[in-house]
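model the structure of this input:
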Amino acid sequence: MRRAARRPRPGPPGRGDDPRVLALLRRPDGPDVTDTTSQAYDAIRALEYRYARLLDEDRLEEWPKLFVERGVYKVIPRENLARQPALPIFFCDSRAMMVDRVKSLREANVYNLHYSRHVVSNIEVLSARDDTFEVAACYTVYQTDLEGQTRLFSVGQYRDVISNGAGEFRFREKIAVCDTFNIPNLLAIPL
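Reported below is the predicted structural model:
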């Protein structure tokens with residue numbers, strides 16, 4: 001018994017077999033992604049994750065090296081953003097000031113001993129001009145005390161300006177905007 005050969009089905013209505021019809025379709029919305037922008041995004045994401053890892057591993061002495069020489073680091077509660085100037089609760093305006101802050105943490109300050117865990121997500125490049133990128137990312141910081149109790153410490157958004165100097169991405173400005181002013185304990189270690 002022999003089966004009858006099936007006839008090929010016609011394509012979508014109006015298209016027929018003409019592949020040139022695809023060329024008439026509208027291009028997708030959004031910016032073109034090139035290898036350069038993809039590489040920059042990968043480097044920015046790696047910088048954000050390295051920042052979190054250094055803080056989580058208590059490698060605070062390496063933290064200032066993620067910033068340019070005149071880099072700025074601020075922690076500002078969201079409630080204070082509307083004020084001019086916005087009042088930070090943590091402020092460093094140079095890498096040298098960050099080094100001093102770390103030295104103070106190691107030698108002088110007394111604060112609750114804990115382990116931090118930073119979760120960085122939703123990293124988005126908002127704008128790019130030359131070798132400077134404006135970046136937003138969400139953050140969550142958990143703290144675990146020496147008794148093993150873990151609690152949510154801070155949630156907010158990083159608002160960063162990142163520079164690519166000589167192929168090395170560093171923070172020119174990193175602002176941690178806290179969703180709430182009520183941080184449960186002393187803010188000793190950067191967010």
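
can you tell me the centre-most residue of this structure?
A137 (3.9 Å; C-alpha atoms, centre = their mean).

need the contact list for it.
Each residue near A137 by C-beta atoms under 8 Å, 6 or more residues apart in numbering is listed here: 48, 120-124, 157-158, 160. Every residue, glycine included, has its C-beta placed from N, CA and C.

mind checking the longest helix of this structure?
helix 35-56 (DSSP state H).

now the residue nearest to the centre of the chain: which helix or strand?
strand 132-145 (DSSP states H and E).

that strand: which residues count as buried?
Applying a neighbour-count criterion of 16 or more other C-beta atoms under 10 Å, one finds 133-135, 137, 139-143 buried in strand 132-145.

what pairs with whichever helix or strand comes after that strand, and is each one parallel or antiparallel?
Per DSSP H and E, the first helix or strand lying C-terminal to strand 132-145 is strand 150-165. Applying DSSP bridges to the sheet, strand 150-165 is found paired with strand 132-145 (antiparallel), strand 168-178 (antiparallel).

now for V72, how many residues are close by?
Using other C-beta atoms under 10 Å, V72 has 19 other residues around it.

let me see the contact set for the closest residue to it other than its chain neighbours.
Leaving out its chain neighbours, the residue that sits closest to V72 by C-beta to C-beta, 6 or more residues apart in numbering is E173, at 4.5 Å. Counting by C-beta under 8 Å, 6+ apart, E173 touches 71-74, 159-161.
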